[in-house]
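**Q** I would like the atomic coordinates for the input below:
(chains A and B)
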Amino acid sequence: KQEVTQIPAALSVPEGENLVLNCSFTDSAIYNLQWFRQDPGKGLTSLLLIQSSQREQTSGRLNASLDKSSGRSTLYIAASQPGDSATYLCAVGSYNTDKLIFGTGTRLQVFP
Amino acid sequence: EAGVVQSPRYKIIEKKQPVAFWCNPISGHNTLYWYLQNLGQGPELLIRYENEEAVDDSQLPKDRFSAERLKGVDSTLKIQPAELGDSAVYLCASSLSWGEDTQYFGPGTRLTVL
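**A** Next up, the predicted model:
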């Protein structure tokens, strides 16, 4: 059974800091890994999608890496801003379950 | 391009009442998903459609939940009768296909059962 864990559960940082969010998964048989952002009371917004054959993806100040063999992914946010405050969810497209399995998220607060 | 549309955004009902949620996916997206999200948790898949066919409904409580996707476009998720434990956010998502494509989510319907 695929299990996805995100650490830390919550993070509070001052504006301008570079930060790393962690995601780990137990089954390396995956289609892909996605990072989403969720604002309070809103749906999910896709940030980055990494296919199983890829090692990383970048979009603006965001960089996500994938290490299938160790079952880990990291989301790097450069020069954080208050507008980055949200919950960040990691999700793994798992072959064995044939569905997207989500972690419980990291709640990020960036203060001015 | 319009995103995934869901209605209503909020619904408050008493237990044992029926409730229905509607979803309009992004145009051209063949795959449609319904997820359940409890507070502080990640979404969990209820059902996945490929066009009109429900290809994964293993997590759908079929004694009280039902879903349909007529003509392979819009979809409706129904609960009858609702229970207190059904209070949650119901999210609809769509993608071009299952597997390698990004899933795009709607804003969700927050259901409160009293």
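**Q** Who does residue 5 form a beta bridge with?
**A** Just going to use chain A. Note on A:T5: beta-bridge partners by DSSP bridges are A:S24.
**Q** sorry, should have said chain B
**A** Note on B:V5: beta-bridge partners B:N24, judged by DSSP bridges.
**Q** Likewise for A:K99?
**A** Here A:K99 sits in beta bridges with A:S94, going by DSSP bridges.
**Q** Report how many residues lie close to it.
**A** For A:K99, the neighbour count with other Cβ atoms under 10 Å in any protein chain shown is 20. All C-beta spots, glycine's among them, are computed from the backbone N, C-alpha and C.
**Q** do the same with A:S12
**A** There are 11 residues near A:S12, going by other Cβ under 10 Å.
**Q** again, but for A:L21
**A** Residues lying near A:L21 (other Cβ under 10 Å) number 22.
**Q** B:L111 versus that one, what's the distance?
**A** Distance, A:L21 to B:L111, by Cβ to Cβ, to the nearest Å: 29 Å.
**Q** residues in chain A within reach of chain B, list them.
**A** Listed as neighbours of chain B in chain A under the rule Cβ under 8 Å from any Cβ of the partner chain: A:4, A:31-32, A:34, A:36, A:41-46, A:49, A:51, A:89, A:91, A:93, A:98-100, A:102-105.
**Q** Restricted to strands, list the residues you listed.
**A** Under the assignment DSSP state E, the residues of chain A next to chain B contribute A:4, A:31-32, A:34, A:36, A:44-46, A:49, A:51, A:89, A:91, A:93, A:99-100, A:102 to strands.
**Q** list the contacts for the closest residue in space to B:Q41 that isn't next to it in sequence?
**A** Leaving aside its sequence neighbours, B:Q41 sits nearest to A:T104 (Cβ to Cβ, 6 or more residues apart in numbering or on different chains; 5.7 Å). For A:T104, the contacting residues are A:T5, A:Q6, A:A9, B:G40, B:Q41, B:G42, by Cβ atoms under 8 Å, 6 or more residues apart in numbering or on different chains.
**Q** Lowest pLDDT pick from those?
**A** Among the contacts of A:T104, B:G40 has the lowest pLDDT, at 90.
**Q** Would you mind naming what in chain B lies close to chain A?
**A** Checking chain B against chain A by Cβ under 8 Å from any Cβ, the hits are B:4, B:6, B:40-45, B:48, B:56, B:91, B:93, B:98-100, B:102-108, B:110.
**Q** Give the PyMOL command for selecting the buried subset of those.
**A** Buried members of the residues of chain B next to chain A, defined by 16 or more other Cβ atoms under 10 Å in any protein chain shown, are picked up in PyMOL with:
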select buried, chain B and resi 4+6+42+43+44+45+48+56+91+93+98+103+104+105+106+107+108+110
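**Q** who's the residue nearest to the spatial centre of chain B bridged to?
**A** Central residue of chain B (Cα atoms, centre = their mean): B:W34, 3.0 Å from the mean position. When assigned by DSSP bridges, B:W34 has beta-bridge partners B:I47, B:C92.
**Q** How about A:T45?
**A** Judged by DSSP bridges, the bridge partners of A:T45 are A:R37.
**Q** Please verify my assumption that it contacts A:R37.
**A** Yes. The criterion here is Cβ atoms under 8 Å, and A:T45 meets it with A:R37 at 4.8 Å.
**Q** Between the two, tell me which one has more neighbours.
**A** Taking other Cβ under 10 Å, A:T45 and A:R37 do not tie; A:R37 has more neighbours (19 against 15).
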